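Colleague: dropping a prediction and its sequence here:
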Amino acid sequence: MDFSTRKLLGLILLAALASGCGRKPTGEEHFAKGLACYKENKFDKAIPHFEDALIPMQTNALALNFLGVCRLQEGEMEAGLRNLQDAVRLDPNYVPARYNLALAQLERGQADDAVANLRQVVSSSAAPADSHYQLGLAYMRVSAWGQAEEAFKRHLQSNPNSINTLNCLGVVAARKHEFPQAKHWLEQCIATDPKFATAYLNLASLENHQLGQKKEALAHYQAYIDLLPKSQLHEDVRLAMLQIHQDMLVATRQPAHAVEPPKPAKPPEQPPSPPVETPQAAPKSAAPQPEPATSKPVTPAPATVVTASAVSATPTPAPPQPPVRKVRIPLTTKTLKPGNHTQALAYFNEGVALQLQNKPANAVANYTKAITADPAFAKAYYNLAITCRNAGQIDRALDNYELALIADPNYADARFNYAVLLQEQGYSDDATAQFERIVAGNPNDASTHLSLGNLYSRDRATYARAREHYQAFLKLSPNSPLAHDIRRWLDQNR
């Protein structure tokens, strides 16, 4: 963020000349002219006056502070930093210069130095009102989440309605993996200012990736778009909403239920059905980010302090990069010969029961026994893939989805979930091929048309295919919550 875009903090009382900065300077006239230009935001004209004031005064921390601030405002970062460093060396107890130096260091990426200076600033009775907030931002830059939380809470004590602070506390809690607490802070931020768009975006990201609250995430993504319809992140939010809708459609596809074997003299109890498999996107490494704060003038007593508001916050993450075009090497298995299906069913049913008891390792063992007994048992491969995927064993899950399809090429749910996992792992071309096979066999599969539209819309060269599948989705699901965004994309990409 350019210093020229920032507001300045405070004015100057001449009492400060005599009290904190040594003897009365002989360059008063130059200093007064520089100050007049400074108050009118004519920083380029103020600079030579402050330079002239320094010639006769030689060692005046106040003039150095003003000169440094003006140079920073004019984009002269190196010279401005040197002036502020000289002011601090000249008068280590001169809080305005140390505060300005810390904010300039934070802007330049010297977060450790900024932390050290802001720690000294907040210990002074003359500290500007937002010093703890700025210290919290500096701690965030060095990933010191506990210290950042403490600093933000200290700022909140005197500024209970500070939406930027509440938002940052939500971000910090998310970084500490305290997700319910993060939601609390972000909801409090929204309650304080229902038009604070960034809090809606952060809350939606938290609900989507960490809390699994998809419907709530959709509502908050939409609120963000409504508040900032021209945001640079609009396209990324739209894709996130499309992905949520796709995940919700995936949940409607049933995994293999336990299958009752041929009835013997005394049939066994019918085991319950396993839960529906809902592939979830892996949590993004990047937590939601705070919006840059808006500084307000600070007027410490008894003398008002001149400072430059070098407001800094962790920036909003850049849009995600296009998926890496990886290619999955298919398994070499050509045929799977049927075996003892009755014995396989017994193991399979036991595996389902164990899965419902939240004993995934035991369930895997039984599904494996079922496959050993009957190597062509497609549903056993499918449930084994689901269990492995939930355990984070992605390669094994992919293999078993593929084996399920080798055993039964018409197993639509297995192919859909296989395609979703391929897409999540960056095998976009393989995922596209699987989705295309599904719609070839079932042109009325709305969720697959949506998935293909999402994949094709990532590359301008395939926009025509994206349009085809988005239009098919709208025809099948005209009242979808995503219909409005899809129609807007179609209008913008004719």
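Modeller: Thanks, I have it. Numbers count the residues shown, from 1 in each chain.

Colleague: need the strands for the stretch 1-150 of the chain, in chain order.
Modeller: 8-9 (DSSP state E, counting those that start in this stretch).

Colleague: let me fix that, I meant to ask about the stretch 301-450 of the chain.
Modeller: With DSSP E, counting those that start in this stretch as the criterion, the stretch 301-450 of the chain has strands at 307-308.

Colleague: shaky segments in it?
Modeller: 301-325, 332-334 (pLDDT under 70).

Colleague: low-scoring pLDDT stretches of the stretch 1-150 of the chain, where are they?
Modeller: For the stretch 1-150 of the chain, the ranges with pLDDT under 70 are 1-27, 55-59.

Colleague: where exactly do the helices run in it?
Modeller: Taking DSSP state H, counting those that start in this stretch as the test, the helices found in the stretch 1-150 of the chain are 15-19, 28-39, 43-57, 61-73, 77-90, 95-108, 111-122, 131-141, 145-158.

Colleague: quick one: those as TSV, columns for distance to A197 and mean neighbour count too.
Modeller: C-beta coordinates here come from the backbone N, C-alpha and C atoms, glycine included. Compiled in TSV, those are given as follows (distance: least, CB to CB, whole Å; neighbours: other CB atoms under 10 Å):
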stretch	distance to A197	mean neighbour count
helix 15-19	40	14
helix 28-39	33	18
helix 43-57	31	20
helix 61-73	28	27
helix 77-90	30	20
helix 95-108	24	26
helix 111-122	26	20
helix 131-141	19	25
helix 145-158	20	18
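
Colleague: would you list those in TSV and tack on distance to L476?
Modeller: Compiled in TSV, the helices of the stretch 1-150 of the chain are given as follows (distance: least, CB to CB, whole Å):
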stretch	distance to L476
helix 15-19	72
helix 28-39	64
helix 43-57	60
helix 61-73	57
helix 77-90	56
helix 95-108	51
helix 111-122	51
helix 131-141	45
helix 145-158	45
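
Colleague: K475 is nearest to which of the ones you listed?
Modeller: helix 131-141 (47.0 Å; CB to CB).

Colleague: which other helices and strands does that closest one contact?
Modeller: In terms of contacts (3 or more CB pairs under 8 Å, 6 or more residues apart in numbering; DSSP states H and E), helix 131-141 is packed against helix 95-108, helix 111-122, helix 145-158, helix 163-175.

Colleague: send me that helix as CSV with only the CA atoms.
Modeller: The C-alpha trace of helix 131-141 is given here as CSV (Å, rounded to 0.1, in the frame of the first residue of the first chain):
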residue,chain,number,x,y,z
SER,A,131,-0.6,0.9,19.0
HIS,A,132,-1.8,-2.4,20.3
TYR,A,133,-3.7,-3.0,17.1
GLN,A,134,-0.6,-2.3,15.0
LEU,A,135,1.4,-4.6,17.3
GLY,A,136,-1.2,-7.3,16.7
LEU,A,137,-0.7,-6.9,12.9
ALA,A,138,3.1,-7.1,13.3
TYR,A,139,2.8,-10.3,15.4
MET,A,140,0.6,-11.8,12.7
ARG,A,141,3.3,-11.1,10.1
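
Colleague: who's in contact with it?
Modeller: By CB atoms under 8 Å, 6 or more residues apart in numbering, the residues outside helix 131-141 that reach it are 99, 102-103, 106, 109, 111, 114-115, 118-119, 121-122, 145, 147-149, 151-152, 154-155, 159, 162, 164-165, 168, 171-172, 290, 293, 312-314.
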